[in-house]
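Colleague: Build the 3D model from these lines:
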Amino acid sequence: MSASKYTEELSVALKAVRLASLLTKSHLLTYLSKQSVVSEETKSDASEVTVADFAAQAVIIAAIHAAFPDDNFIAEESGEMLREDQGLSERVWDLVEKAMEIAARTDEGDGAAVDELRRGDVTMSLPGSPADMVDIIDKGQKGGQAERSRSGRTWILDPIDGTKTYIRGHQYAVCLCLVDEGEQKVAVLGCPNLDLQRMNLAEEDVKDGTIVIGETVVDPAPDGGWILSAVKGEGTHISAVRTYETRLSIQDFLSHKEVMEEDLGEQAHRVMSNMSQTSENGSTLLNLNFTDSSASPHISKDIHERIFRHFAHPPQPESHSEAAPFQDIWSMQMKYVLLALRAADAMIRTPPTSSYHAAVWDHAGGQLLLTESGGVLTDANGKSFVINGQTRRLEDNWGVCGVRGGDIVADGGRRSSPRDVHKAIMARIKIEVSARRQRRSEKGEDD
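Modeller: From the prediction side, this is the model:
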């Protein structure tokens, strides 16, 4: 196979996301050893942000910018709060400085000195001062505006997707995606708390042969967790955080073909013996395993509930006393991870209004992981996603409908392709959204 056009980009992205994953995990464990949650700040939009969000964004952008100085960035965080709060800025800077110590401690085990890493490895380049740090963070606010980068390329990142659950020590993702030629080309997602071994061994987290990735079942190790990555046209791969450069295709990982302890390390070897059921998911079309977020304010919970009931086995009437089951995960990007790992069959997102359009950093990268693993993905209107590096929100798309790769066993043992399952779910979404629109119209309300 010929060398990938994006070999260097993938290499730099893996290193940057790994370092940010180790940094955020270190900060998390330090706080949780002293108190029950990580300290947080509140942004102007009332959402949470932590010191680790800012530090991770600074680390990732600094690394990418050093390697590809002509590229643009779209990122969630802004340096505005740091300029207004000197104390907060100093705390972020302390964590950024710790990133270099982590890099020196973990970089290929060579024990390189901090100053040597700073001078000699652009992929480990970090801000040189607190002021430089804030300026680097703000590079993520310039992308998606009228001007294009000199290269025509944009990196989209969310330093911590799932801050609300991160501060409690639950699941979160460090997300980075390169958009080139108007589409997603490289994706790297770090999942520092993802513990596949415990997910598969814990009896309460296994149902009908399907891996259930739980919000609170986490890998406690400082260098634990997993990294999922994809290059357009080359499939989705997975590696352990501690052996991040050794990547295995999702298909081989799920079927544990040719997997030996030295491939991904002892951590992966132990997981393999418990994952063979995943690729032969026992779900039926009338028993689809959905992933969703019960706490999200950006979904139509009533529509989701009716769709989940429709595909339950047996189908549940609306009068059913218990809520339809689904895998409850807060982080949007972690839902894409569940689908890529075939730990869930499907995901839907129907916003509460027709005017809501999600932020690109909540979806860029995770979408590539899903489609490169064989999944099918559109918005809730059946349209392909437009993530071209020119906008900060998904202005051309509304909602999500995604289905994992691999055949899903239907009633009577008939196998349904991801495309057939996607078609069935989309038909139900259309019915439910049309009914909502009609109800609101009769009341004189806007949809």
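
Colleague: The residue nearest the centre of the chain: what's it in contact with?
Modeller: What sits nearest the mean C-alpha location of the chain, by CA atoms, centre = their mean, is Gln333, with 2.7 Å. Contact partners of Gln333, counting by CB atoms under 8 Å, 6 or more residues apart in numbering, are 158, 161-162, 173, 175, 189, 362-363, 365-366. Bear in mind the C-beta positions are built from the backbone N, C-alpha and C, glycine included.

Colleague: Give the residue spans of the stretch 251-400 of the chain that score low on pLDDT.
Modeller: Per-residue confidence for the stretch 251-400 of the chain (pLDDT under 70) gives these ranges: 256-286, 313-324.

Colleague: follow-up on the earlier one: element containing the residue nearest to the centre of the chain, please.
Modeller: Take DSSP states H and E as the rule and Gln333 turns out to sit in helix 332-340.

Colleague: Helix or strand next in line after that helix, which one?
Modeller: Next in sequence after helix 332-340, counting helices and strands by DSSP H and E, comes strand 346-349.

Colleague: ok so, going back, looking at the contacts of Gln333, which are in strands?
Modeller: Taking DSSP state E as the definition of strands, those contribute 158, 161, 173, 175, 189.

Colleague: out of those, which one sits closest to Thr30?
Modeller: Distances from Thr30 to the ones in strands among the contacts of Gln333, taken as CB to CB, are shortest for Ala173 (20.0 Å).

Colleague: For the closest one, give its distance to Glu84.
Modeller: Computed as CB to CB, to the nearest Å, the Ala173 to Glu84 distance reads 28 Å.

Colleague: Which one of these two is surrounded by more residues?
Modeller: Set side by side, Ala173 and Glu84 give different neighbour counts by other CB atoms under 10 Å, the larger being at Ala173 (30 against 9).

Colleague: who's that one bridged to?
Modeller: The partner list for Ala173 in beta bridges (DSSP bridges) reads Asp161.

Colleague: ok, Lys25 - contacts?
Modeller: Shown in contact with Lys25 (CB under 8 Å, 6+ apart): 192-193, 222-225.

Colleague: would CSV of those with pLDDT and distance to Gly128 be doable?
Modeller: Below are the contacts of Lys25 laid out as CSV (pLDDT from 0 to 100; distance: CB to CB, whole Å):
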residue, pLDDT, distance to Gly128
Pro192, 97, 26
Asn193, 97, 31
Pro222, 92, 26
Asp223, 92, 27
Gly224, 93, 31
Gly225, 95, 29
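
Colleague: Quick one: mean pLDDT for whatever helix or strand Arg18 lives in?
Modeller: Element membership for Arg18, per DSSP H and E: helix 7-32. Rounded to a whole number, the mean pLDDT of helix 7-32 is 94.

Colleague: and the gap between Glu8 and Val186?
Modeller: Noted for Glu8: a distance of 10 Å to Val186, by CB to CB.

Colleague: who's more crowded, the two?
Modeller: For Glu8 against Val186, the residue with the higher neighbour count under other CB under 10 Å is Val186, and the figures read 27 against 13.

Colleague: Look up how far Arg404 lies from the more buried one.
Modeller: 21 Å.

Colleague: Same question for Val218.
Modeller: Taking CB to CB as the measure, Val218 falls 22 Å from Arg404.

Colleague: contacting residues for the nearest residue to Asp396 once chain neighbours are set aside?
Modeller: By the measure of CB to CB, 6 or more residues apart in numbering, the closest residue to Asp396 outside its immediate chain neighbours is Val386, 4.1 Å from it. By CB under 8 Å, 6+ apart, the contact list for Val386 reads 394-397.

Colleague: Contacts only, for Ile299.
Modeller: By CB under 8 Å, 6+ apart, Ile299 lies in contact with 292-293, 349-352.

Colleague: whoops, Arg440 was the one
Modeller: Taking CB under 8 Å, 6+ apart as the contact definition, Arg440 lies against 446-447.

Colleague: And it, how far from Arg309?
Modeller: Between Arg440 and Arg309 the distance is 21 Å, computed by CB to CB.

Colleague: mind listing the strands for the stretch 251-400 of the chain?
Modeller: Defined through DSSP state E, counting those that start in this stretch, the strands belonging to the stretch 251-400 of the chain, from first to last, are 290-292, 327-328, 346-349, 376-378, 400-403.
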